[in-house]
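Trainee: Using only what follows, build the 3D model:
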Amino acid sequence: MTILDEAPKGAAKPVQNTPETDRRMQVISIAIIAISAILLIAFPEQGKTLLDGLFKWMTNSFDFAFLIVGFAALVFVIWLAFSRFGAIKLGDADTAPEFTWSAWGAMVFLAGIASGLMLWAGTEWAYHYAWTPFGLEAATPQMFTVGQSYGIFHWGPTAWALYCIPAVAMSYIYYVRKRHIYKVSEACRGALGDMVDGPVGQVIDYMFIFGILGAAATSLGLGTPMIGGALAHVLGIEPNVWLDVSIILCCTAIFSISSGLGLDDGIKRLSYAGSLITLAIIIYVLFAGPTGFIVALGMDSVAYTLTNYITMSLWTDSVNGSGFPQAWTVFYWAWWVAYAPFMGLFVTRISMGRKIREVVIGLLTFGTSGCVLFYVVLGGYGIDQQIKGLLPMVDLVNEQGVAPAIIEMFKTLPGSGLVLLAVAVSGIVMLATTFDSAAYVMACASTRELDEGQEPARGNRLFWCGAIAVLPMSLLFLGGLKTMQTAVVLVGLPIILIMVFMMITTVKYLKQDHA
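Mentor: Sure thing, here's the model as predicted:
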């Protein structure tokens, strides 16, 4: 059975009546984002200084909180999956999964990674090669393995466990408790009680909207330079802002059409296309490059990650104060946490009929294995180029940045023109898939009540497509895109508390309902 197959017999069919859109939430959400963007554009230097200072304060003052909650999330979801609660079905006893495993996995993976994975998979090791963890000596052969393993760690099980927390909490409330209110605040009710019906709940929900739109801007800021560089090489032109705008408009057109088609005919098929193109690139690099070296280095890096996983998870470097875990691991966890409520809502929407155990294991395995594959193949190829002296990847990454470095790396492959064209297409499709998923989730969140299998109004979905496109494009033209990215990561601090509330709520409801 493929991703395009029909849902299994017994799966719930979409409800046909059009649900009511929450116009007030739309207006207030856009107002919050617009005011934030205007302030960043009007006071770029002051905004950057303020947010950079807040970010440094957050990562240094609350590093322990991010590291503990990240590790606790992984332990919690593994316990949940293999406990008696793991067998609980998300839906009625006779409800079959709405989507096949391949469809579910493709949508989850591409919604969660955007185009940033390809960038960082090929280049993150080069940063760690020059700035090392654990007091290791820089620029030594050991750092090729350690650098790649740290990237695998940052995109591995802990990251996907952070997605599992809201996914399980929201899915259980929606499908088992039959509370068809598609809001993040509802997943905190067990811990906060009726406070979620007042200002506290509203703050949680609007913070979620801010996080999604800002995360979209972050994905755009990471992905557009890579896509633009690839297209510029293929077309024989210099990268410029108009090329970036064209890329954004192309992504907008794709995900607007997909969003208008709905979840089954739109996002599912777009995810399938993105998965095929991206997988083809990875397979080509693996076999066109030094296959044996890539596989062997991948095994070394995975082994190092597994051996040192607990140390990497909880290390703060309190004695030496290198700042490495704060600048890298804490930053990554804040980034994943800020994105987690969106993924939780999206996974909830596509997980009807699955067991809690399936959702947890599916997220951990699909997410982690996909990211490991990217890091092993792209990182291994880049490291081989560095070792052989064919391409100074370390210098390129640390002096020019990740996007120019990854483009130069792809240029060294046989048939580089076709490879870069595929990279550009893959990047556009991955961005479009992420934006499509984000617009769909925001449409769900701004719907007053959404029954199982029901889709938000098409006009509501297209409204959020426009919002997602306009904000990043405005910031791209007027400045403030990088500052917005920092602002989004700062949202991770309060969401850490929300994640704890979700875990409390999940345990409380499970024990109440299945004593």
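
Trainee: Isn't G323 up against T329?
Mentor: No: with contact defined as CB atoms under 8 Å, G323 and T329 do not form a contacting pair (11.1 Å). Glycine gets a C-beta too; all of them are placed from N, C-alpha and C.

Trainee: which one of those two has more residues nearby?
Mentor: T329 (25 against 15; other CB atoms under 10 Å).

Trainee: Leaving out chain neighbours, which residue sits closest to P97?
Mentor: G353 (4.0 Å; CB to CB, 6 or more residues apart in numbering).

Trainee: what about the one you found, which SS state?
Mentor: coil (DSSP: H, G, I helix; E, B strand; the rest coil).

Trainee: Ramachandran coordinates for it?
Mentor: G353 adopts backbone torsions of phi 90, psi -10, taken as degrees, to the nearest 10.

Trainee: Distance of it relative to A422?
Mentor: 35 Å (CB to CB, to the nearest Å).

Trainee: Can you pick out the residue with more neighbours from the two?
Mentor: Neighbour totals were compared for G353 and A422, and G353 leads with 22 against 19 (other CB under 10 Å).

Trainee: ok, the more buried one touching G91?
Mentor: Yes: the pair G353 / G91 is scored as a contact, 4.9 Å apart, by CB under 8 Å.

Trainee: Show me the residue at the heart of the chain, geometrically.
Mentor: G112 (3.3 Å; CA atoms, centre = their mean).

Trainee: Quick one: classify that residue as helix, strand or coil.
Mentor: Going by three-state DSSP: G112 is helix.

Trainee: So it is in contact with A340, correct?
Mentor: No: under the criterion of CB under 8 Å, G112 is not in contact with A340, lying 9.6 Å apart.

Trainee: Give the intersection of the neighbour lists for those two.
Mentor: Common neighbours of G112 and A340, using CB atoms under 8 Å, 6 or more residues apart in numbering, are Y163.

Trainee: Who are the contact partners of D205?
Mentor: Counting by CB under 8 Å, 6+ apart, the residues that D205 touches are 25, 183-185, 445.

Trainee: can you do 6 Å?
Mentor: The contact partners of D205, taken as CB atoms under 6 Å, 6 or more residues apart in numbering, are 183-185.

Trainee: Quick one: those as JSON lines, columns for distance to Y375, secondary structure and pLDDT too.
Mentor: Shown next, in JSON lines, are the contacts of D205 (distance: CB to CB, whole Å; DSSP: H, G, I helix; E, B strand; the rest coil; pLDDT from 0 to 100):
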{"residue": "K183", "distance to Y375": "35", "secondary structure": "coil", "pLDDT": "87"}
{"residue": "V184", "distance to Y375": "30", "secondary structure": "helix", "pLDDT": "91"}
{"residue": "S185", "distance to Y375": "35", "secondary structure": "helix", "pLDDT": "92"}
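
Trainee: For those, could you give me TSV that also reports neighbour count?
Mentor: Shown next, in TSV, are those (neighbours: other CB atoms under 10 Å):
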residue	neighbour count
K183	23
V184	28
S185	25
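
Trainee: got a pLDDT number for the residue nearest to the centre of the chain?
Mentor: pLDDT, G112: 78.

Trainee: With adjacent residues omitted, what lies nearest to it?
Mentor: G112's closest residue in space is M343 (CB to CB, 6+ apart), at 5.6 Å.

Trainee: hang on, the one you found packs against Y163?
Mentor: Yes: under the criterion of CB atoms under 6 Å, M343 makes contact with Y163 at 4.3 Å.

Trainee: Overlap of the contact sets of these two?
Mentor: With CB under 6 Å, 6+ apart as the test, M343 and Y163 reach no residue in common.

Trainee: Give me the distance between the closest residue to A159 other than its chain neighbours and G156.
Mentor: Of all residues not flanking A159 in the chain, W336 sits nearest, at 4.7 Å (CB to CB, 6+ apart). Applying CB to CB, the value for W336 to G156 is 11 Å.

Trainee: ok, G47 to L490 distance?
Mentor: Distance check for G47 against L490: by CB to CB, it reads 12 Å.

Trainee: same question, T140
Mentor: 35 Å.

Trainee: More neighbours: which of those two?
Mentor: L490 (19 against 11).

Trainee: So which residues make contact with the helix or strand containing A303?
Mentor: Counting by DSSP states H and E, the element that carries A303 is helix 291-307. The contact list for helix 291-307 (CB under 6 Å, 6+ apart) reads 145, 148-149, 152-153, 376-377, 380, 384.

Trainee: Now render those residues as TSV, adding secondary structure and pLDDT.
Mentor: Below are the contacts of helix 291-307 laid out as TSV (DSSP: H, G, I helix; E, B strand; the rest coil; pLDDT from 0 to 100):
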residue	secondary structure	pLDDT
T145	helix	97
Q148	helix	97
S149	helix	98
I152	helix	97
F153	helix	98
V376	helix	98
V377	helix	98
G380	helix	98
D384	helix	98
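
Trainee: Save the residues you listed as a markdown table, and put in neighbour count and distance to A253 too.
Mentor: Output for the contacts of helix 291-307, formatted as a markdown table (neighbours: other CB atoms under 10 Å; distance: CB to CB, whole Å):
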| residue | neighbour count | distance to A253 |
| --- | --- | --- |
| T145 | 20 | 43 |
| Q148 | 30 | 37 |
| S149 | 29 | 40 |
| I152 | 25 | 35 |
| F153 | 23 | 37 |
| V376 | 23 | 34 |
| V377 | 24 | 31 |
| G380 | 28 | 35 |
| D384 | 19 | 38 |
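
Trainee: which phi and psi does T447 have?
Mentor: The phi/psi pair for T447 (degrees, to the nearest 10) is phi -110, psi 130.

Trainee: Buried residues in the helix holding A303, which are they?
Mentor: Within helix 291-307, the residues that count as buried by 16 or more other CB atoms under 10 Å are 294, 297-298, 300-302, 304-305.

Trainee: and what of stretch 193-208?
Mentor: Neighbour-count burial for stretch 193-208 [16+ other CB under 10 Å]: 196, 201, 204-208.

Trainee: Over to stretch 98-117?
Mentor: 98-100, 102-117.

Trainee: same question, stretch 35-53
Mentor: Across stretch 35-53, burial judged by 16+ other CB under 10 Å covers 36-37, 39-41, 47-48, 51.

Trainee: swap in stretch 362-380?
Mentor: 362-364, 366-368, 370-380.

Trainee: likewise stretch 275-291?
Mentor: 275, 277-278, 281-282, 284-286, 289-290.

Trainee: ok now that stretch, how far from the chain's centre?
Mentor: Counting by CA atoms, centre = their mean, to the nearest Å, stretch 275-291 is centred 22 Å from the centre of its parent chain.
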